[in-house]
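[1] Kindly return the folded structure for what I paste below:
(chains A, B, C and D)
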There are 2 protein chains.
Amino acid sequence: MSTSEHGRNGSPVTMRDVAKVAGVSVATVSHVVNDKAGARIGDDARRRVQEAVIELGYRPNALAKTLSQGTSRFIGLVADAIATTPFAGQIIHGAQDEAWKHGYVLLVANTDGNEAAENEAIAMMLEHQVHGILYSTWYHREIQVPEALHQTDTVLVDCFAAGNVLPAVVPDEEQGGRTATEELLAAGHRRIAFINTTTPSPAQTGRLAGYRSALEAAGIEFDESLVFPAAPEQEGGYAATSALLESKATAVFCHNDRVAMGLYDGLREHGLRIPEDIAVMGFDNQDVIAAHLRPTLSTVALPHYELGAAGVRLLLGLEPAPESGPQLIACPPVLRHSI
Amino acid sequence: MSTSEHGRNGSPVTMRDVAKVAGVSVATVSHVVNDKAGARIGDDARRRVQEAVIELGYRPNALAKTLSQGTSRFIGLVADAIATTPFAGQIIHGAQDEAWKHGYVLLVANTDGNEAAENEAIAMMLEHQVHGILYSTWYHREIQVPEALHQTDTVLVDCFAAGNVLPAVVPDEEQGGRTATEELLAAGHRRIAFINTTTPSPAQTGRLAGYRSALEAAGIEFDESLVFPAAPEQEGGYAATSALLESKATAVFCHNDRVAMGLYDGLREHGLRIPEDIAVMGFDNQDVIAAHLRPTLSTVALPHYELGAAGVRLLLGLEPAPESGPQLIACPPVLRHSI
DNA sequence: GTGAAAGCGCTAACAT
DNA sequence: ATGTTAGCGCTTTCAC
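    Have a look, this model is predicted:
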């Protein structure tokens, strides 16, 4: 029935083939295939083209189209660590979905934080005529912008540059810290500790600021002795246990889920129950941890998917970038059973 | 100094521009830029071209090259769930690195397991003239091959099709199960339990087969009463605790890390110490869990990175596909402190 | 309404 | 040793 030559063998079907079968010119085929507005095509010709397209299994060559139009539908995503964490995957996912929605496709490159690989990756994307580049890191931080990025439209995802020289989208750490604290407050706690990381970062300062502002808003005076420094890992949380206990806090906001995980261990060793004896709130919503601790951990989610999606929107100019500073994406609370 | 017009503004520099500045023809430029073997170019001309390239900031247009050569350097990666798990990220990472190594770039698409999205994704890749497609799932299973995949070279990653109709690369579940058991054996255990999943899957049968074969090789008779069914999650492991304890096993191989995590909780409630009272082995090497449990969990790694890399190698024909059945990738042991 | 033709940036014969 | 030219598959302006 079909003389289709698409597929693994035979030379690919081109517009010319379709034109020949339909008995029209390639221009006409182009017009009907692209549903060109304002192209007056006779009903008959249109039908013949459509039939020929189906019969031959014609598939437009997106590359030729790009070349001819001078404008591609590629978006490049350069990540320093696609895999080190589940998080990066979410950024890709969000970026991909959003790009897709607007007819764009994602070109991804991993650089493992290596500068040479980074430059190579960017060069390659530029050679492929990407519309723009999303440059992302796997945790929120300030970066040095690679020189090559200035050669195309770029938006920073989960990172930002000094002087706000490039549009950026990052999680709203302060709001996140505030939200976490508010949840504890809403559960009736007044003496709330905060185990903060010892690592300088936007997360360190932002979450602390959020914690303070929530307390203030609730009319509770900030008590420096209630914030405990800890390595941002399980060990840190575990190690902070006794100091925390001495503070007589009834609830604790942990800098991240891993810290909370360590705290769980420490608390358990002291025979304390969560949340009856002490309520705990995490941060990050690291699924494998938070959803599987016992009791499951209430936390605040890092909006990686949204970060990727918003990055694409900014890049495509679908959304205006804030006048100054990065665009902040909210970190929503995820309530489970530790409060 | 430089009249460079690359970058955000100005029309892009083409080969013609370079030719003009260097005072040669585009053919010559093409030859030196691509380091064409057997193209005899005078030292002088070569130098002038190279200088012009730098001066103008010339960057080849990969799309035009593809169009003209008829052969692209894109590899498509269609995944059912880029983000649901840290794992998928590793597949992308491995595929990306390997593709890169051979001068290819990765086009990724997420389908969320939705058939329409899947077809659209494949169509889009075909339109972009991908060299071939990697079709991957986030856990090892048998799939129905989407019709459209037959239109190009495809290799299945972390999944396989009935009748071995497409080349595939999957983890070697049986070897993994054997390895896990062998580690327990090597630690001196003779009475080894196995908490297996209740979900039918290659993992269920493969790991069990590996467990049996390791026991046999050690001269230990397989004892059906030592294999316990459990939901493949934390709850399953927790629930299996008492039955396990009654069995008097001194070591236990868990179907996956989450089950092990639940078992940890159960064991702790019974006042048992790991590994002194009972040794536990996981499977999957789900980082966030395995590396952060107390004690850290010994396990067997699912080779996702390798799966992605091997998929690319198969696709590019760098490695022959096995005559029958999928290519098996070894699951290496990751020893920590639970044994 | 439809077609001819130029051109997107590059490669690859083929000339010279 | 280097230049000329004809495409690659498509879009688009302009004629008819």
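[2] How far does the longest strand along chain A sit from its chain's centre?
    Identified as the longest strand of chain A according to DSSP state E is strand A:132-143. Computed by Cα atoms, centre = their mean, to the nearest Å, the chain-centroid distance of strand A:132-143 equals 10 Å.
[3] Neighbouring strands - and their directions - for that strand?
    Applying DSSP bridges, strand A:132-143 is found paired with strand A:74-79 (parallel), strand A:154-161 (parallel).
[4] closest to B:Gly219 out of these?
    Closest of these to B:Gly219 is strand A:74-79, at 49.6 Å (criterion: Cβ to Cβ). (Each C-beta comes from the backbone N, C-alpha and C, glycine too.)
[5] could you point out which element follows the closest one?
    Note on strand A:74-79: by DSSP states H and E, the next helix or strand toward the C-terminus is helix A:86-101.
[6] Report the buried residues of that next one.
    Neighbour-count burial for helix A:86-101 flags A:86-100 (criterion: 16 or more other Cβ atoms under 10 Å in any protein chain shown).
[7] helix, strand or coil for A:Gly103?
    Secondary structure, DSSP: H, G, I helix; E, B strand; the rest coil: A:Gly103 is coil.
[8] Check the secondary structure at A:Gly188 for me.
    Assigned with three-state DSSP, A:Gly188 falls in the coil class.
[9] Can you get me a residue count around it?
    A:Gly188: 10 surrounding residues under other Cβ atoms under 10 Å in any protein chain shown.
[10] so how far is A:Glu182 from it?
    For A:Gly188, the distance to A:Glu182 (Cβ to Cβ, to the nearest Å) stands at 12 Å.
[11] With mean neighbour count and mean pLDDT as new columns, can the strands paired with strand A:132-143 be given to me in TSV?
    Formatted as TSV, these follow (neighbours: other Cβ atoms under 10 Å in any protein chain shown; pLDDT from 0 to 100):
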stretch	mean neighbour count	mean pLDDT
strand A:74-79	27	96
strand A:154-161	26	97
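[12] among the ones you listed, which is nearest B:Asn61?
    Evaluated over those, closeness to B:Asn61 peaks at strand A:74-79, with 12.4 Å, by Cβ to Cβ.
[13] Report the angle between that closest one and helix A:86-101.
    Counting by axes from the mean of the first three to the mean of the last three Cα atoms, to 10 degrees, strand A:74-79 points 170 degrees away from the direction of helix A:86-101.
[14] And strand A:74-79, how far out from the chain middle?
    Its chain's C-alpha centre and that of strand A:74-79 lie 12 Å apart, by Cα atoms, centre = their mean.
[15] Quick check: A:Leu56 vs B:Ala187, distance?
    As judged by Cβ to Cβ, A:Leu56 and B:Ala187 stand 65 Å apart.
[16] same thing with A:Phe283?
    On the measure of Cβ to Cβ, A:Phe283 and B:Ala187 end up 38 Å apart.
[17] More neighbours: which of the two?
    Between A:Phe283 and B:Ala187, counting by other Cβ under 10 Å, A:Phe283 is the more crowded of the two (30 against 16).
[18] can I assume the more buried one is in contact with A:Leu297?
    No: with contact defined as Cβ atoms under 8 Å, A:Phe283 does not reach A:Leu297; the gap is 9.9 Å.
[19] Now the common contact residues for the two.
    Applying Cβ atoms under 8 Å, 6 or more residues apart in numbering or on different chains, one finds that A:Phe283 and A:Leu297 are jointly contacted by A:Asp257.
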